[in-house]
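J.: Below are the sequence and a predicted model for it; my questions follow.
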Amino acid sequence: MKQTHLFQGGVFFLLFLFILAGGWMADLYVEQKRMEAFYTYPENSQTLLLSDETVEKDTFAPREYVKIKSLSG
């Protein structure tokens, strides 16, 4: 009887870890897509792609401007 409870606890713990890992991966994916939407790299600059530096967009699509404007105030 005691081994059954230990097994169920282990299964619950593993399920909990899988859910946490899935949430973490989803958060990373959403953050990556958000960064791609608002930041861009120059076309022919491979050295910049290797660094952590981001380059801000000079122009935004109208819907992006509305999102930024609505978030600012």
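T.: Received the coordinates, thanks. Being a predicted model, the structure only gives us computed values, none of them experimental.
J.: Only C-alpha atoms from now on, for both contacts and neighbour counts.
T.: Will do.
J.: Report the mean per-residue pLDDT for stretch 20-39.
T.: In this model, stretch 20-39 has an average pLDDT of 88.
J.: buried stuff in it?
T.: Using 16 or more other Cα atoms under 10 Å as the test for burial, stretch 20-39 gives Phe38.
J.: Could the C-alpha coordinates of it be exported in PDB?
T.: The C-alpha coordinates for stretch 20-39 follow below in PDB (Å, rounded to 0.1, in the frame of the first residue of the first chain):
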ATOM      1  CA  LEU A  20       6.000  23.700 -15.600                       C
ATOM      2  CA  ALA A  21       8.400  22.900 -18.500                       C
ATOM      3  CA  GLY A  22       5.600  23.300 -21.100                       C
ATOM      4  CA  GLY A  23       4.700  26.700 -19.600                       C
ATOM      5  CA  TRP A  24       8.300  27.800 -19.600                       C
ATOM      6  CA  MET A  25       8.700  26.800 -23.300                       C
ATOM      7  CA  ALA A  26       5.500  28.500 -24.300                       C
ATOM      8  CA  ASP A  27       6.600  31.700 -22.500                       C
ATOM      9  CA  LEU A  28      10.000  31.600 -24.400                       C
ATOM     10  CA  TYR A  29       8.100  31.100 -27.700                       C
ATOM     11  CA  VAL A  30       5.800  34.000 -27.100                       C
ATOM     12  CA  GLU A  31       8.700  36.300 -26.000                       C
ATOM     13  CA  GLN A  32      10.700  35.300 -29.200                       C
ATOM     14  CA  LYS A  33       7.700  36.100 -31.400                       C
ATOM     15  CA  ARG A  34       7.100  39.400 -29.600                       C
ATOM     16  CA  MET A  35      10.800  40.400 -30.100                       C
ATOM     17  CA  GLU A  36      10.600  39.400 -33.800                       C
ATOM     18  CA  ALA A  37       7.600  41.600 -34.300                       C
ATOM     19  CA  PHE A  38       9.000  44.800 -32.700                       C
ATOM     20  CA  TYR A  39      12.700  44.500 -33.500                       C
END
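J.: so His21 is in which element?
T.: Heads up, residue 21 is Ala, not His. helix 2-38 (DSSP states H and E).
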